[in-house]
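Enquirer: Here you go, sequence then predicted model.
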Amino acid sequence: MQDVYIIGVHTTRFQRWPDKSFKDLTRESYLGVLADAGLETGDDIEFAWFGNCGMWLQGQGSIRGQVCFTPLVAEGLFPARVPMINVEGACATASMTLHGAWKDVLSGQTDLSLAIGVEKVYHPDPEIVSRGFDAGIDVFDVEEWRDYYRAAGAESGKPFEPGDDRTIFMDTYAMQACYHMKRHGTTQRQIAIGAAKNHCNGALNPNAQYQFDLSVDQVLEDRPISWPLTRAMCAPIGDGAAAALICSQDYFDGLPADIRARAVKLRASALSGGKYKALDEPGLTQAAAQKAYAQADLGPHDVDVAEVHDATAFCEIYQVEMMGFCETGAGGQFVESGATMRDGTIPVNTSGGLVSKGHPVGATGLSMIHELTTQLRGEAGARQIDGARIGLAENGGGVIGFEEAACCVTILEKA
């Protein structure tokens with residue numbers, strides 16, 4: 001397998017951007033990724049992958065990427081006639097765009113490919129926000145998942161009781177947390193420790209939606225969402241965009257030395273799909289991680305820094321298990337021990353994670369790639385992990401029962 005490189009990354013700040021359109025956010029991240037790669041123009045881009053989930057809620061049901069890039073083509077900023085594929089995979093969307101761009105280059109058909117994810121989750125009409133989230137679960141066979149959750153509620157000790165003041169996903173995460181607590185002895189305080197750690201990391205990230213420290217007690221005392229989860233343990237609603245430029249070895253070899261010096265290798269990109277699983281069965285994220293480790297010829301012990309999909313802080317406890325950083329069932333103790341802190345054995349979510357950095361659904365996965373690339377370049381400032389060489393991102397999307405519908409695990413290496 002030939003070497004593939006990321007030569008440019010960008011993310012907007014994640015927050016509520018009521019005055020910025022999808023086209024505005026697209027422009028900001030596209031021009032930002034060109035600048036980061038040291039490219040004056042995008043003329044060498046041969047293919048593009050555009051990720052978005054919510055634009056249909058505002059009437060743009062298809063050709064979303066082409067529409068957002070129309071003014072950039074008209075202004076000569078993006079090359080005309082370049083093909084663009086639109087991608088939607090719920091919260092895993094942006095990682096899927098990266099996966100497509102990676103395969104473009106691996107195939108030998110493309111030397112430079114663009115991956116970009118753009119999202120506006122916030123809307124002043126809460127009904128529109130709710131419709132967007134509802135699209136992430138089966139709308140055809142509703143009773144199938146209701147029956148599953150009723151049975152899971154009995155087994156986890158937390159009845160399935162969705163409420164109008166939150167998305168159904170918060171209830172499913174809360175039920176998973178309760179099952180883990182019942183089976184493995186995980187505590188609410190351990191979940192809060194992970195959340196507080198990530199809020200402290202986010203306070204150091206200028207692109208994070210939340211940039212303030214929280215203590216463990218402050219996390220526990222915040223407004224309840226769905227027990228054991230408080231508001232500070234859950235990702236906020238916001239908007240943003242992120243992008244990456246991926247190139248071949250031949251293209252890389254022709255770049256100036258200063259650009260090559262900041263590149264990172266894309267060692268692996270592995271996808272997996274979800275199903276209705278038994279509650280004690282390993283998740284699809286473990287399957288994706290194992291495929292990614294095999295592709296990269298690496299193991300969990302080789303990872304120096306990781307970004308995992310903590311739509312709630314419980315997810316970090318679960319995903320460090322699925323990524324192989326600790327034994328199954330030991331995630332709560334692992335987080336409580338400080339192992340995932342910036343000075344721990346495997347720093348996790350140095351960006352602040354979704355609970356602090358934010359979670360604009362169609363852009364999230366590429367924001368993880370931005371953080372890891374920044375870390376591997378040694379450019380992360382106060383949150384820098386010394387000597388980071390291998391980075392891993394886990395990004396899941398949608399819900400099927402007690403797991404995501406789709407997952408992508410990506411492994412990067414300092415070039």
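Expert: Okay, I see it.

Enquirer: Can you tell me, leaving aside adjacent residues, what's nearest to A287?
Expert: Nearest residue to A287, sequence neighbours excluded (Cβ to Cβ, 6 or more residues apart in numbering): S272, at 4.3 Å. All C-beta atoms are positioned from the backbone trio N, CA, C, and that covers glycine.

Enquirer: Surely that neighbour is within a strand?
Expert: Yes. S272: assigned to a strand according to DSSP: H, G, I helix; E, B strand; the rest coil.

Enquirer: then the least confident helix or strand in the chain by mean pLDDT to CSV, C-alphas only?
Expert: Ranking every helix and strand in the chain by mean pLDDT, DSSP states H and E puts helix 126-134 at the bottom, with a mean of 84. The C-alpha coordinates for helix 126-134 follow below in CSV (Å, rounded to 0.1, in the frame of the first residue of the first chain):
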residue,chain,number,x,y,z
PRO,A,126,-36.3,23.8,18.1
GLU,A,127,-38.6,21.7,15.9
ILE,A,128,-36.1,21.9,13.0
VAL,A,129,-33.2,20.9,15.4
SER,A,130,-35.3,17.9,16.6
ARG,A,131,-36.1,16.8,13.1
GLY,A,132,-32.4,16.8,12.3
PHE,A,133,-31.6,14.5,15.2
ASP,A,134,-34.5,12.2,14.5
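
Enquirer: Distance from the chain centre to it, please.
Expert: Centroid displacement of helix 126-134 relative to its chain, using Cα atoms, centre = their mean, to the nearest Å, is 20 Å.

Enquirer: which secondary structure elements does that helix contact?
Expert: helix 168-184 (3 or more Cβ pairs under 8 Å, 6 or more residues apart in numbering; DSSP states H and E).

Enquirer: Provide the contact partners of the helix it packs on at residue level.
Expert: 133-134, 136-137, 149, 152-153, 155-158, 160-163, 186-188, 191, 225-229, 234, 279-280, 311-312, 314-315, 317-318, 329-332, 399, 402 (Cβ atoms under 8 Å, 6 or more residues apart in numbering).

Enquirer: Please repeat the previous calculation with a cut-off of 6 Å.
Expert: 152, 156-158, 162, 186, 225-226, 228-229, 279, 312, 314, 329, 402 (Cβ atoms under 6 Å, 6 or more residues apart in numbering).

Enquirer: quick revisit: ok, the residue nearest to A287 to Q290 distance?
Expert: Distance of S272 to Q290, given as Cβ to Cβ, to the nearest Å: 9 Å.

Enquirer: quick one: which of the two has more around it?
Expert: Using other Cβ atoms under 10 Å, the more surrounded residue of S272 and Q290 is S272, with 23 against 19.

Enquirer: residue contacts, that one?
Expert: S272 makes contacts with L284, A287, A288, C407, as judged by Cβ under 6 Å, 6+ apart.

Enquirer: Please work out how many residues are found near the first one.
Expert: To tie it back to what came earlier, the one meant is L284. Neighbour tally, L284, other Cβ under 10 Å: 22.

Enquirer: surely it meets E403?
Expert: Yes. If you go by Cβ atoms under 6 Å, L284 and E403 touch, sitting 5.3 Å apart.

Enquirer: what residues are shared contacts of those two?
Expert: Counting by Cβ under 6 Å, 6+ apart, the contacts common to L284 and E403 are G274.

Enquirer: can the contacts of S272 go into CSV with extra columns for secondary structure?
Expert: CSV is the format used below for the contacts of S272 (three-state DSSP):
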residue, secondary structure
L284, helix
A287, helix
A288, helix
C407, strand
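
Enquirer: are any of these buried, and which?
Expert: L284, A287, A288, C407 (16 or more other Cβ atoms under 10 Å).

Enquirer: Next, format these as JSON lines and append pLDDT and distance to E143.
Expert: Shown next, in JSON lines, are these (pLDDT from 0 to 100; distance: Cβ to Cβ, whole Å):
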{"residue": "L284", "pLDDT": "98", "distance to E143": "23"}
{"residue": "A287", "pLDDT": "98", "distance to E143": "27"}
{"residue": "A288", "pLDDT": "98", "distance to E143": "29"}
{"residue": "C407", "pLDDT": "98", "distance to E143": "25"}
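
Enquirer: of all those residues, which comes closest to G32?
Expert: Closest to G32 out of the buried ones among the contacts of S272 is C407 (26.9 Å), distances taken as Cβ to Cβ.

Enquirer: and the gap between that closest one and S21?
Expert: On the measure of Cβ to Cβ, C407 and S21 end up 30 Å apart.

Enquirer: Please report how far I128 lies from G238.
Expert: I128 sits 15 Å away from G238, taking Cβ to Cβ as the criterion.

Enquirer: Between these two, which has more neighbouring residues?
Expert: Neighbours per residue, other Cβ under 10 Å: of I128 and G238, the larger number sits with G238, 23 against 14.

Enquirer: Could I get the contacting residues of the more buried one?
Expert: G238 neighbours (Cβ under 6 Å, 6+ apart): F14, Q15, R16, Q209, G358, P360.

Enquirer: make it 10 Å
Expert: G238 sits next to 13-17, 119-122, 208-210, 357-361, 363 when contact means Cβ atoms under 10 Å, 6 or more residues apart in numbering.

Enquirer: so of these, which ones are in helices?
Expert: Taking DSSP state H, the ones among the contacts of G238 that sit in helices are K357.
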